[in-house]
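Visitor: Sequence plus predicted model, see below.
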Amino acid sequence: MDKIQEYQRKLASLECKEINIPGFTIYLHEIDTRPNSNFAIPSSPKIPNVRESLELLRRIFESNKRKPRIEFLVEYAKSLIKELPLNNFFEVMRIPLVCCLQETFQEVKPTSITIKKITSRSPLTDIRNLLMIQRECFGYSVPLDRESIIKYRESLNFKPFLAFF
């Protein structure tokens, strides 16, 4: 987990100004004020004086006219899950992380593979397949109706893909 968290820090530092405070590194984009472009990442799995660190983090974000936001891997900093709500930070989104450890890796040799880019013009069947696979992989059993599939397709601002083999 340390390597993945370090990669996230490295990637953020390419576009953002870094501000180090106890327990966190804050990344502020010079011009982009959107929350996804401005965030903090924990510096270590355990943060001493978390309340003071979060208060300082909040003040720095607000003084830069940014919304306080923290991105981290739950597996890296498990204690933050309990601490954040106690300090008026609330979870907006949790994206499950799927990783293959060296000791569990098994090579797959498909005989053929088909890759489809998913766009706002993709057929609804492809959108449905993408959403069903995501839900099954991450253990969600939320039913999909036609309206939610259309809404997802219309909201695409990135290009996921489906691979079949």
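Guide: On my side now, so go ahead. Nothing here was measured: the structure is a model prediction, and the numbers come from that model.

Visitor: distance of the residue positioned nearest the centre of the chain from Gln134?
Guide: The residue lying closest to the centre of the chain (CA atoms, centre = their mean) is Ile95, at 5.2 Å. The spacing between Ile95 and Gln134, counted by CB to CB, to the nearest Å, is 10 Å. Where you see a C-beta, it was placed from the backbone N, CA and C, and this is true even at glycine.

Visitor: tell me which helix or strand of this structure sits lowest on mean pLDDT?
Guide: Every helix and strand of the chain was ranked by mean pLDDT, DSSP states H and E. The lowest is helix 2-13, at a mean of 78.

Visitor: Pull the distance from the helix or strand hosting Ile149 to the chain's centre.
Guide: Using DSSP states H and E, Ile149 maps to helix 146-155. Distance of helix 146-155 from its chain centroid, counting by CA atoms, centre = their mean, to the nearest Å, is 21 Å.

Visitor: Identify the residues contacting that helix?
Guide: If you take CB atoms under 8 Å, 6 or more residues apart in numbering as the criterion, helix 146-155 is touched by Ser120, Ser122, Leu124, Ile127, Arg128, Leu131.

Visitor: count of residues packed around the nearest residue to Ile118 once chain neighbours are set aside?
Guide: Nearest non-adjacent residue to Ile118, counting by CB to CB, 6 or more residues apart in numbering: Pro160, 4.7 Å away. Here the number of neighbours of Pro160 (other CB atoms under 10 Å) works out to 15.
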